[in-house]
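Give me a model of this one.
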Amino acid sequence: MIKFFIFIFIIINSVFCKNTETLGLVTKTKGKVEYQKYSDKKFTTDIYKGLGLYGNDRIRTGDNGFSIYRYLDDASSIKILKNSDIRIEGRIKSRSIVKNVEVNNGVLNFNIDNQADDYFTIVTPTSVATVKGTEFWLICNGPEGDKFLGIEGEVEIKNIESGRTVILTEDTQVLSTSNGNISTQNMSIQELDQIEDLEQENGNYDGSSDIDTGFDDSSGTQDDISGDSNINSDSENILRIELEDSLGNTKTNPSVGCVIVKNNKVISDREVIKKIYIGENVFIGASSIILPGTVIGKGCYVAAGSIVSGNFKSNCLIAGSPAIVKRRLINLDWRET
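Below is the predicted model:
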């Protein structure tokens, strides 16, 4: 009976909750990754970093596929390893996103920010997991069952067949099977090794290996890059922070949910959830993504292809996916003379 109601919930959600608002962005793809838009019947490989996904859009990875999906309203993210199939669900509520994910099969890492009002819900063919804020791995074997591996925080997991509920905590595992069994136990050496293997497999995709920062400074020293530096010479990869939209309007402190910069043009600036504050004399490299709520201090340089979220002090080199401060910048003055 419980399984019947879960099925009805998924059907109703799919039919009536086709969201026309972007819920999050694809911030990484590698290998074979496909997605299916909620309004389409077929999958497409036309998926790229910065692609916005709507409610009921679907992501599927192949034998060598990997992708990262990040929500717009906070730092919550899903790492999708090979041979996985998930559907992104949810809706915008006030100034946050109610997040739901349907997992058909696969291996996924959930890193969920604390949810202010609603739980993050994950539904598999066997289990329903509700999360307030935590990190854990899910190994979903389709209709056969699930294995949950706790990294930190707590997750409430219900077996759909029996209705029994257990709590996943740090360094524990939960097994939930299609015949109604659900159990929790401390992780063994084998499970700890399994997490290490998963993280090593995922370690090749830390977001920094394919980011062209425009700098080659492996020494970690602070360089004085004022004046005629190589930053100014690469005009095709640099965007002055006085952003112009498609109508030619200048936005110095855009009040938007997300800014996507490509080829020196703003290709998306949706007013969705949180304001973005950008200080004076800041440069943003091409194909960078500035996520909601981000604060960038004056005199910063954002390297090309960065995914930027959080607060950054003035005069910093910011790069990576997710972006971090690479080093402080000295005697910085971007103003045109």
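
low pLDDT regions in the stretch 151-300 of the chain?
Along the stretch 151-300 of the chain, the parts satisfying pLDDT under 70 run over 201-274.

quick one, strands of it?
For the stretch 151-300 of the chain, the strands defined by DSSP state E, counting those that start in this stretch cover 155-159, 165-168, 172-177, 182-186, 238-240, 243-244, 250-251, 258-262, 265-270, 277-278, 283-285, 289-290, 295-296.

Name every strand pairing with the last one and say which way it goes.
Each strand that pairs with strand 295-296, with its direction, by DSSP bridges: strand 277-278 (parallel), strand 311-312 (parallel).

tell me the most buried of the ones you listed?
strand 277-278 (a mean of 19; mean count of other C-beta atoms under 10 Å). Any C-beta I mention is one placed from the backbone N, CA and C, and that applies to glycine too.

domain assignment for this protein?
2-203, 230-328 (automatic domain parsing).

does I167 really touch G153, like I thought?
No. Between I167 and G153 there is no contact, the gap being 10.4 Å when judged by C-beta atoms under 8 Å.

The two: which is more packed in?
G153 (16 against 12; other C-beta atoms under 10 Å).

what's the distance between the more buried one and Y71?
Separation of G153 from Y71 (C-beta to C-beta, to the nearest Å): 17 Å.

do N179 as well
N179 sits 34 Å away from Y71, going by C-beta to C-beta.

if you count what's nearby, which of these two comes out ahead?
Comparing N179 with Y71 by other C-beta under 10 Å, the one with more neighbours is Y71, at 25 against 10.

Mind listing the residues bridging to that one?
G24.

you'd agree it is up against V26?
No. Assessed by C-beta under 8 Å, Y71 is found out of contact with V26, at 11.5 Å.

Between the two, which contacts overlap?
Residues touching both Y71 and V26 (C-beta atoms under 8 Å, 6 or more residues apart in numbering): none.

Do you know the pLDDT at F110?
Among the per-residue scores, F110 shows a pLDDT of 95.

Describe which strands whichever strand or helix holds it pairs with in its sheet and in which direction.
F110 is part of strand 96-112 when elements are defined by DSSP states H and E. Strand pairing for strand 96-112, using DSSP bridges, gives strand 77-80 (antiparallel), strand 85-93 (antiparallel), strand 120-123 (parallel), strand 134-140 (antiparallel).

Would you indicate which residues of the first one are buried?
For strand 77-80, the neighbour count (16 or more other C-beta atoms under 10 Å) marks S77, I78, K79, I80 as buried.

So for G279, which of the strands paired with strand 96-112 sits nearest?
Minimum separation from G279 across these (C-beta to C-beta) falls at strand 77-80, 26.2 Å.

Only alpha carbons, please: show that closest one as CSV.
Coordinates of each C-alpha in strand 77-80 appear next as CSV, following Å, rounded to 0.1, in the frame of the first residue of the first chain:
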residue,chain,number,x,y,z
SER,A,77,25.2,19.4,-4.7
ILE,A,78,24.8,15.9,-6.2
LYS,A,79,27.8,14.1,-7.7
ILE,A,80,26.6,11.5,-10.2
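
Could I get the strands paired with strand 295-296 in JSON lines, plus columns for distance to G31?
Listed next are the strands paired with strand 295-296 as JSON lines, based on distance: least, C-beta to C-beta, whole Å:
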{"stretch": "strand 277-278", "distance to G31": "34"}
{"stretch": "strand 311-312", "distance to G31": "31"}
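
so which of those gets nearest N64?
Of all these, strand 311-312 comes closest under C-beta to C-beta, at 34.2 Å.

Can you name every helix or strand that the host helix or strand of S67 contacts?
Secondary structure assignment for S67, by DSSP H and E: strand 66-71. Packing partners of strand 66-71 (3 or more C-beta pairs under 8 Å, 6 or more residues apart in numbering; DSSP states H and E): strand 22-30, strand 57-61, strand 77-80.

what angle do the first one and strand 96-112 make?
For the pair strand 22-30 and strand 96-112, the angle between their directions (axes from the mean of the first three to the mean of the last three C-alpha atoms, to 10 degrees) equals 30 degrees.

Output the below-cut-off pLDDT ranges for the stretch 1-150 of the chain.
Ranges of the stretch 1-150 of the chain meeting pLDDT under 70: 1-20, 117.

do that again at 90, thanks
1-25, 27-28, 38-41, 45-55, 64, 71-76, 90-98, 113-119, 132-134, 143 (pLDDT under 90).

ok, L291 to G50 distance?
11 Å.

Need the overlap of contacts for those two.
Joint contacts of L291 and G50 (C-beta under 8 Å, 6+ apart) are L25.

More neighbours: these two, which one.
L291 (26 against 18).

Now do the contacts for the nearest residue to the more buried one once chain neighbours are set aside.
Closest residue in space to L291, ignoring its immediate chain neighbours: S309 at 4.0 Å, by C-beta to C-beta, 6 or more residues apart in numbering. Contacts here follow C-beta under 8 Å, 6+ apart; on that basis S309 touches R70, A75, L291, G293, T294, P322, A323.

Include distance to E102 when you put those residues into CSV, please.
Output for these, formatted as CSV (distance: C-beta to C-beta, whole Å):
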residue, distance to E102
R70, 18
A75, 22
L291, 24
G293, 27
T294, 29
P322, 25
A323, 30
